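Peer 1: Predicted model, plus sequence, below.
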Amino acid sequence: MERGGFAGNRPILKIEMTQCSHPNTPPQNAAQASAAIKVAVMPLFSTWIYRCEHGPVHLNAGLEELTARLRTDERNSTRRTNAGGWHYAFDLFELQEPVVEEFRAVMEQHVQAFLNHFRPEGKKKRDTFRLRGWINVNRAGHSNLLHCHPGCFLSATYYVRVPEGMKGGEIYFRDPRGPAVAMYETPGIDLPWVGTGVGVPIAPATGHLLIFPSWLEHRVERFEGEGERISIAFNATNA
Ligand SMILES: [Fe+2]
């Protein structure tokens, strides 16, 4: 809070700042009896990402075994956003495999938890949606180009295996407010709405899960290191 007074012959405003979470929700804790000018700041257009560091790692061995089995048939491989690497060509969740069934059951609960986060207590419910997924395997030098996932409402990545000591390999989410964010002037502080234009990296780790709005553009950085980076990506659509 700024103290009231004068600087030279200009009055200094006494400003009490609060932060509210919604433009139509008035700030609750502004001092009513104060003579201060009350203002509020509010974040608008926040992008929500669901991050779980405790995914179903007990399924990883089975998922890796399935991946190895699928890779023995070259008809299962396709090229989408991947620059190098292996990309499963079909819907993983259509496979009649116990490990896939269990994986789907866990992922559905995570998607449901994310959706219900935005409902008030007493309004949480079970939604009807469908997951479609695929496996990605990247080795050193492979990457995935910038893209988003049209035709669905949430997308996700679960990391089955991230090599020890991997350098790079992050998923980069691009600032969705457009390239202009890289052009703003700043008065010398890190303003929360000024981006670099290149995106925010999130380093993967075995067993981690990210769920994000399908329109949020992302790419996967190439990496250096031994071994394979195995992930399962999936989309949620209205069933
Ligand atoms: Fe993607």
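Peer 2: Alright, I've got the coordinates. Keep in mind it's a predicted model, so treat the numbers as computed, not measured.
Peer 1: Mind listing what's buried along stretch 70-86?
Peer 2: Using 16 or more other CB atoms under 10 Å as the test for burial, stretch 70-86 gives 70, 76, 81-82, 85-86. (C-beta placed from N, C-alpha, C; glycine too.)
Peer 1: For it, what is the distance to the chain centroid?
Peer 2: Stretch 70-86 has its C-alpha centroid displaced from the chain centroid by 24 Å (CA atoms, centre = their mean, to the nearest Å).
Peer 1: Same question for stretch 139-149.
Peer 2: 15 Å.
Peer 1: Which of the residues in that stretch are classified as buried?
Peer 2: Neighbour-count burial for stretch 139-149, counted by 16+ other CB under 10 Å, picks out 139-140, 142-144, 148-149.
Peer 1: Just send these back as CSV, with secondary structure too.
Peer 2: Output for these, formatted as CSV (DSSP: H, G, I helix; E, B strand; the rest coil):
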residue, secondary structure
139, coil
140, coil
142, coil
143, strand
144, strand
148, coil
149, coil
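Peer 1: Give me the nearest residue to residue 62, chain neighbours excluded.
Peer 2: Counting by CB to CB, 6 or more residues apart in numbering, residue 62 lies nearest to residue 99, which is 3.6 Å off, once chain neighbours are set aside.
Peer 1: what's the longest helix in the protein?
Peer 2: Taking DSSP state H as the criterion, the chain has its longest helix at helix 98-117.
Peer 1: ok, then the element right after that one?
Peer 2: Downstream of helix 98-117, the next assigned helix or strand under DSSP states H and E is strand 129-138.
Peer 1: For residue 204, see how far away residue 232 is.
Peer 2: 12 Å (CB to CB, to the nearest Å).
Peer 1: so what sits against both of those two?
Peer 2: residue 157 (CB atoms under 8 Å, 6 or more residues apart in numbering).
Peer 1: Compare those two (neighbour count), which wins?
Peer 2: Neighbour totals were compared for residue 232 and residue 204, and residue 232 leads with 24 against 21 (other CB atoms under 10 Å).
Peer 1: what helix or strand does that one sit in?
Peer 2: In this structure, residue 232 sits in strand 229-238 according to DSSP H and E.
Peer 1: which parts of that strand are buried?
Peer 2: For strand 229-238, by 16+ other CB under 10 Å, it's 229-236.
Peer 1: Closest to residue 160 out of those residues?
Peer 2: Of all these, residue 160 sits closest to residue 230, with 4.2 Å by CB to CB.
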